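Trainee: just need the structure, nothing else, for what follows:
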Amino acid sequence: MPWQQIAGQDRAVRLLRSALERGQPHHAYLLAGPAGVGKELLARLFAQAANCEAVSGEQPCGSCPACAAIARGNHPDVAWVLPQSEAVARGIVSRADLEGTPSREIRVDEVRALSRRLALVAARGRRKIAVLAPAEAMNERAQNTLLKTLEEPPPATTFLLVSEQPDALLATVRSRCARVQLAPLPEKVLVAELVKRGAPAEEARRRAARADGSLGRALSLDPEELERRRELLESVEAALAAPDERDALDLAEGAGERDAARGIAEAVQAWTRDLLVAQAGGEIETQELAGAAARLSQAIAAPALLGQASLCAEVIEALEQNGNGRLQLERLLLGIRELRHV
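Mentor: The predicted structure follows:
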């Protein structure tokens, strides 16, 4: 059954499902939780259940014309609002169709357009649904504009705000939403889901142990991805150990796009945690580099690793705020070199 597609989130499913079955859904829900635990899938299932055309059996059926249209993203009464950068990444729009660099924010004009659309009578379904993902991508003007609609919502309309960082939303926006918290998934649930998708049991256990309760992350940790990660970290360490800065600058130049730079910064951040864990005698996540972790954790002083961790966090924050990818990666790599060679 469609609701059972959500693994390990029984409480969240029960809350939304019962509201629909009673015919009393809230006008706005804040679906909060870490990445990869099913927030957007839950939003889609809610939209399908609210508009399912099946005359008998459980709703959503997942196969009627309304459920199929919502799954394809072209139901007239279900609107998804994403940052332009996310829409491009998902292949929903082409970068060539946009003027300038795709925005990483949900902007006020997009929220106004959504409000105008929701003011119309439902074209086909029983309930109009608006999904904003991630909701924290709305800038302050956009949030204040949305607030006006949340305070006086159109009839038969539900907003679903999907968020990994709910505290980044204005308190006034949060207060107008019923919060539905999704939890990190238990390791045994992740293992079962990976095995269901064809992963060997031992590999599924390794990936689940490194996924921090996120099915999305567990699915991304396939053997090819792990090999790319190993090669990336080896390249980073080679650049950090080189006699001069040229390799570090070349690496930053080659990954100058903001998203690529952020991926490297996040990989270095996780690797830094591994080195600190190894230094404390614990078991690291990146087992394929266990030998290098043991060697480096002994060779690098603890204050340098702590400084490295702080620098990673600063660079990631700068990249999230639209910092220049190449410059921030140079800052990270040259800063680590300096910390290690003091």
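Trainee: for the rest of this, base every contact and every neighbour count on C-alpha atoms.
Mentor: OK.
Trainee: need the three-state assignment for the residue lying farthest from the centre of the chain.
Mentor: Most distant residue from the mean C-alpha position of the chain: residue 243, 37.6 Å away (Cα atoms, centre = their mean). Secondary structure assignment for residue 243 (DSSP: H, G, I helix; E, B strand; the rest coil): coil.
Trainee: next one, pLDDT for it please.
Mentor: We have a pLDDT of 92 for residue 243.
Trainee: OK, contacts around it?
Mentor: Applying Cα atoms under 8 Å, 6 or more residues apart in numbering, we find residue 243 in contact with no residue.
Trainee: where does pLDDT dip in the stretch 201-342 of the chain?
Mentor: Low-confidence segments of the stretch 201-342 of the chain (pLDDT under 70): 342.
Trainee: quick one, helices of it?
Mentor: Remark: helices assigned in the stretch 201-342 of the chain by DSSP state H, counting those that start in this stretch are 201-209, 215-220, 223-241, 246-254, 258-279, 290-299, 302-320, 325-341.
Trainee: for residue 78, which of these is the nearest?
Mentor: Nearest of those to residue 78, taken as Cα to Cα: helix 215-220 at 23.9 Å.
Trainee: now stretch 85-96: buried residues?
Mentor: 85-88, 95 (16 or more other Cα atoms under 10 Å).
Trainee: residue 40 contacts residue 162, doesn't it?
Mentor: Yes: the pair residue 40 and residue 162 passes the contact test of Cα atoms under 8 Å, sitting 6.8 Å apart.
Trainee: which two from the buried residues of stretch 85-96 end up farthest apart in space?
Mentor: It's 86 and 95 that sit farthest apart of these, by Cα to Cα, at 10.8 Å.
Trainee: for residue 49, give me its contacts.
Mentor: Contacts of residue 49 (Cα under 8 Å, 6+ apart): 20, 59-61, 67.
Trainee: what strand or helix carries it?
Mentor: Remark: residue 49 resides in helix 39-51, with elements defined by DSSP states H and E.
Trainee: same deal with residue 88?
Mentor: Using DSSP H and E, the element containing residue 88 is helix 84-89.
Trainee: show residues contacting that helix.
Mentor: With Cα under 8 Å, 6+ apart as the test, helix 84-89 has contacts from 93-95, 102-106.
Trainee: tabulate those (TSV), appending distance to residue 16 and secondary structure.
Mentor: Output for the contacts of helix 84-89, formatted as TSV (distance: Cα to Cα, whole Å; DSSP: H, G, I helix; E, B strand; the rest coil):
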residue	distance to residue 16	secondary structure
93	30	coil
94	34	coil
95	36	helix
102	33	coil
103	32	coil
104	29	coil
105	28	coil
106	25	strand
